[in-house]
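K.L.:
A predicted structure for the sequence below; I have some questions about it.
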Amino acid sequence: MTFKRSEYKETWTANSQSSASARISVAATADETELERSGLATTQFLLENVGIGREDVVLEIGCGIGRVGKQLAAHCRRWIGADVSPNMLKFAAENLRGLNNVEFVELSGFDLKPIEDDSIDVVYCTVVFPHLSIWDRYSYIEEAFRVLRSGGKLYVDAVNLCSEAGWEIFQMHRRIPPQERVPEMGECSTPEELKEYLRRAGFGSIESKSGIELVAVWGRKP
């Protein structure tokens, strides 16, 4: 069955019928060693650049199978994994079993309604924005502002259109005939796009860093 791009719950639930398909959908690999490596790398980046404290309550938007949460939960008081797919959440719970400071929340695909206002210290969303429409990217940033406490921080990243690797991905996807493009196909962003989202939503102290393929942006709620 083919879904519309905006049918995030249906798309990602269909893409996660098994543990292997869920892993491939979120990380393009089912190899446990590579998943652990990438989860550690993201965790290290967040710790070194955004900053996460031992007493922080941390929310991940689009946690998938818990690739990052499995590594990050040890560095905070409470880690909340949120995702649109009940299948992803089931596999994440299996991957993080034994950790007593984690919980899981199912999202609609367009907001963070299950999360209370001013209740979170750090929100992060990694390799999710490429799969969202631009309006829905911004909606999540507005919602992150709502759920963060004063002084709380938001981190987002995306495939960087302004990098050579990002441009190659853009060109590769452009060559796929329109009728063959799957709804979850990744779309690139520019650094200025992500920074503008944060600025418009009310975040300050906005910083960014570009890598070979990704651009990362983070800011603080006043």
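P.N.:
Okay, I see it.
K.L.:
pull the longest strand from the chain.
P.N.:
Longest among the strand segments of the chain by residue count, using DSSP state E, is strand 148-159.
K.L.:
Go through the helix or strand following it and flag the buried ones.
P.N.:
Towards the C-terminus, the helix or strand next in line after strand 148-159, according to DSSP states H and E, is helix 164-174. Neighbour-count burial for helix 164-174, counted by 16 or more other CB atoms under 10 Å, picks out 166, 169-170. Using the backbone N, CA and C atoms, a C-beta is placed for each residue, glycine as well.
K.L.:
do stretch 204-222 as well
P.N.:
Across stretch 204-222, burial judged by 16+ other CB under 10 Å covers 206, 208, 213-221.
K.L.:
go on, stretch 39-48?
P.N.:
For stretch 39-48, using 16+ other CB under 10 Å, the buried residues are 39, 42-43, 45-46.
K.L.:
Format these as CSV; extra columns: secondary structure and pLDDT.
P.N.:
Output for the buried residues of stretch 39-48, formatted as CSV (DSSP: H, G, I helix; E, B strand; the rest coil; pLDDT from 0 to 100):
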residue, secondary structure, pLDDT
Gly39, helix, 96
Thr42, helix, 97
Thr43, helix, 98
Phe45, helix, 98
Leu46, helix, 98
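K.L.:
Mind putting those into TSV with distance to Trp135?
P.N.:
Written out in TSV, the entries for the buried residues of stretch 39-48 read as follows (distance: CB to CB, whole Å):
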residue	distance to Trp135
Gly39	29
Thr42	26
Thr43	29
Phe45	27
Leu46	26
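K.L.:
How far off centre is the lowest-mean-pLDDT helix or strand in the chain?
P.N.:
When the helices and strands of the chain are compared on mean pLDDT, DSSP states H and E, helix 19-27 comes out lowest with a mean of 91. Using CA atoms, centre = their mean, to the nearest Å, the mean C-alpha position of helix 19-27 is found 15 Å from that of the whole chain.
K.L.:
Which secondary structure elements does it sit against?
P.N.:
helix 32-45, helix 86-95 (3 or more CB pairs under 8 Å, 6 or more residues apart in numbering; DSSP states H and E).
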